[in-house]
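**Q** Just need the structure, nothing else, for what follows:
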Amino acid sequence: MSRTPDVVGQKTSGTSLLIRRIVAYVVLILLVFISLFPFYLLIINATRGKIQNGIDFLPSGNMMNNFKKLFSDDSAARYGNILQSFLNSFIISGVSCVISVYFSALTAYAIHVYDFKLKKFAFTFILLIMMVPTQASAIGFYRMMISWGLIDSFIPLIVPSIAAPAVFFFMKQYMDSSLPLEIVEAARIDGCGEFRTFNSIVTPILKPAFAVQGIFQFVASWNNYFMPRMILQQKKTIPLVLQTMKAEILGNPQVAHAGVMSLYMVLAILPVVIVYLCLSKFIIRGIALGSVKG
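**A** Model (predicted):
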């Protein structure tokens, strides 16, 4: 008996689907390998005394020695207190992340919920600020911090993060897609105040958006070099320490501190990975809802 056209068609369709899946998995595995391979090499280099020519895929036995060098008095004299640099970065990044996300969401809530004459102008003006680079106002900002006596202070690195137009825009788009005005109206009818409405009703709805922007803001502040380099003098953050290590290694490529720098970079990456893993379950949902207006 000959096969019917439907059976042949189903078999062909199933084979085609299997081939597409295999190709998709191969491409994804290749992309994962390309993404993770530099981190593998970084970990391998962290086990060495000095970086050698070429690529070696096997670890060495200098990991503990590099740990001792990294937290030694000699390292503190060269680069500053290593633990203090981590603490400084945690303080700046953590506080900046929290106030940036919260106040941006509060601003987006005001634009989303309230109707006033300059509503469109305010929204456009905030977006226009996104186009102004930080470097354009750096000199004036630096002079102002000198006149206020805030050089070598964390305040100039934290307080300006309240104004984050990119975070505001994401929050506004997320609210357009997931925050019906009827919920706010119902809370008002029940006698709930505006701040209580935002903190108790709106904030839980915005958890995915908070998680996504929290990761982005934390990583951006954690990796920020320009502003800390301009403001801080005695105090150090992780990018400043890394730059000092890099300058020393470039001056003498054969020094045994190259492995110490790789180890420091591995330790500097770990907090970002931990933050990502803690908030990762919100990322896909947050990005999907925040990028499409329903």
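**Q** pLDDT weak spots in the protein?
**A** Per-residue confidence of the chain (counting by pLDDT under 70) places the weak regions at 1-14, 50-55, 253-256, 282-294.
**Q** Can you give the domain ranges for it?
**A** Domain assignment of the chain by automatic domain parsing yields the ranges 5-68, 69-291.
**Q** Dump those domains to a markdown table, plus mean neighbour count.
**A** Bear in mind the C-beta positions are built from the backbone N, C-alpha and C, glycine included. Compiled in a markdown table, the domains of the chain are given as follows (neighbours: other CB atoms under 10 Å):
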| stretch | mean neighbour count |
| --- | --- |
| domain 5-68 | 12 |
| domain 69-291 | 16 |
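**Q** what helix or strand does V266 sit in?
**A** According to DSSP states H and E, V266 maps onto helix 258-279.
**Q** counting contacts, what elements does that helix pack onto?
**A** Secondary-structure packing of helix 258-279 (3 or more CB pairs under 8 Å, 6 or more residues apart in numbering; DSSP states H and E): helix 5-45, helix 63-70, helix 82-113, helix 207-222, helix 238-251.
**Q** Now it - C-alpha only, CSV.
**A** Presented in CSV, the C-alpha positions along helix 258-279 are these (Å, rounded to 0.1, in the frame of the first residue of the first chain):
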residue,chain,number,x,y,z
ALA,A,258,49.3,40.2,36.2
GLY,A,259,47.8,37.1,37.8
VAL,A,260,46.8,39.2,40.8
MET,A,261,45.0,41.6,38.5
SER,A,262,43.1,38.7,36.8
LEU,A,263,42.1,37.4,40.3
TYR,A,264,40.9,40.8,41.3
MET,A,265,38.8,41.0,38.1
VAL,A,266,37.3,37.6,38.9
LEU,A,267,36.3,38.8,42.3
ALA,A,268,35.0,42.1,40.9
ILE,A,269,32.7,40.1,38.5
LEU,A,270,31.2,37.9,41.2
PRO,A,271,28.9,40.5,42.8
VAL,A,272,27.4,41.3,39.5
VAL,A,273,26.8,37.6,38.7
ILE,A,274,25.2,37.2,42.2
VAL,A,275,22.9,40.2,41.6
TYR,A,276,21.9,38.9,38.2
LEU,A,277,21.1,35.4,39.5
CYS,A,278,19.0,36.8,42.3
LEU,A,279,16.9,38.9,39.9
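**Q** Run through who's touching it.
**A** Helix 258-279 has contacts (CB atoms under 8 Å, 6 or more residues apart in numbering) with 39, 42-43, 45-51, 62-63, 66-67, 69-70, 75, 82, 86, 90, 211-212, 214-215, 218-219, 222, 238, 241-242, 245-246, 249.
**Q** repeat for stretch 154-166
**A** 88, 91-92, 95-97, 99-101, 103-104, 126-127, 129-130, 141, 145, 150, 217, 221, 224, 227-228, 231-232, 235.
**Q** what's the answer for stretch 199-206, then?
**A** A105, Y109, M171, Y174, M175, S178, L179, I183, V184, A187, C192, F210.
**Q** start to end distance for that stretch?
**A** 10 Å (CA to CA, to the nearest Å).
**Q** roughly how far is that stretch from the heart of the chain?
**A** For stretch 199-206, the gap between its own C-alpha mean and the chain's C-alpha mean amounts to 22 Å (CA atoms, centre = their mean, to the nearest Å).
**Q** for I92, what are its contacts?
**A** Each residue near I92 by CB under 8 Å, 6+ apart is listed here: F154, L157, I158, S221, P228, T237.
**Q** ok, the second one to V272 distance?
**A** Right, the one you point to is L157. Using CB to CB, to the nearest Å, we find L157 at a distance of 18 Å from V272.
**Q** what's the answer for the fourth one, then?
**A** Noted for S221: a distance of 11 Å to V272, by CB to CB.
**Q** Could you do the third one as well?
**A** Going from I158 to V272 by CB to CB gives 19 Å.
**Q** and if you look at the fifth one?
**A** Relative to V272, P228 is positioned 17 Å away (criterion: CB to CB).
**Q** same thing with the first one?
**A** Distance of F154 to V272, given as CB to CB: 20 Å.
**Q** Kindly report the same for the last one.
**A** Counting by CB to CB, the separation of T237 from V272 is 14 Å.
**Q** Likewise for V260?
**A** Distance check for V260 against V272: by CB to CB, it reads 20 Å.
**Q** What of S104?
**A** As judged by CB to CB, S104 and V272 stand 21 Å apart.
**Q** got it, and D115?
**A** Going from D115 to V272 by CB to CB gives 40 Å.
**Q** Same check on S200?
**A** 31 Å.
**Q** likewise G80?
**A** Taken as CB to CB, the span from G80 to V272 is 21 Å.
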